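>>> Pasting the sequence and the predicted model now:
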Amino acid sequence: MTESPPPGVETLGDLVARGAELFANREALVFEDRRWTYLDLARETGRVARGLLDLGLEPGERVGVLLPNWPEFFSTVFGIQAAGGTAVCLNTMAPESELQAHVEQTELARVIYAPTFLKNDYTTRLAAVAAHFAPAARLSQRI
């Protein structure tokens, strides 16, 4: 049996906001020596959402996320949802051919990415597949 979400929760962004209301000072994310409370996560999620809206994100627009499993990955995915976009998670270990196929199939309007991770140069990799993005796609470095 599938349970309904709590009242007022329609997106992942809403879920983060609700978590901040209920559990503001409890830990939501722990990564190495960094600890984010639910309130921290909600604030960062809101910052990402506002930034995307300021950049002209349209409802339903697909935004690629090419980030490792850092806390910023979560606030980025939640922020995209909170702003009305659709997060499309891209594999950080994918070879260029796989990344190109994913970009073509999903018709990304934008990509938020880390410039490098584990000796992978995502700026160069994304530039190589840029011709396969949707018209007027935009790349945004996150970290």
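Sure thing, it's come through. Because the structure is predicted, anything quoted here is derived from the model rather than measured.
>>> partners of the nearest residue to Cys89 once chain neighbours are set aside in the sheet?
Spatial nearest neighbour of Cys89, excluding adjacent residues (C-beta to C-beta, 6 or more residues apart in numbering): Val65 at 5.1 Å. Where you see a C-beta, it was placed from the backbone N, CA and C, and this is true even at glycine. Beta bridges link Val65 to Cys89, Ile112 when assigned by DSSP bridges.
>>> Test my guess that Val65 contacts Thr92.
No. Between Val65 and Thr92 there is no contact under C-beta atoms under 8 Å: 9.7 Å.
>>> Pick out whichever of the two has more residues nearby.
The neighbour comparison of Val65 against Thr92 (other C-beta atoms under 10 Å) goes to Val65, with 23 against 19.
>>> Go ahead and name everything in contact with the lengthiest helix in the chain.
Ranked by residue count and defined by DSSP state H, the top helix of the chain is helix 38-54. Under the contact criterion C-beta atoms under 8 Å, 6 or more residues apart in numbering, helix 38-54 has outside partners 13, 16-17, 19-20, 22-26, 28-29, 36, 63, 71-72, 74-76, 78-80, 82-83, 85, 110.
>>> from those residues, which would you call buried?
Buried members of the contacts of helix 38-54, scored by 16 or more other C-beta atoms under 10 Å, are 13, 16-17, 19-20, 28-29, 36, 63, 71-72, 74-76, 78-80, 82-83, 85, 110.
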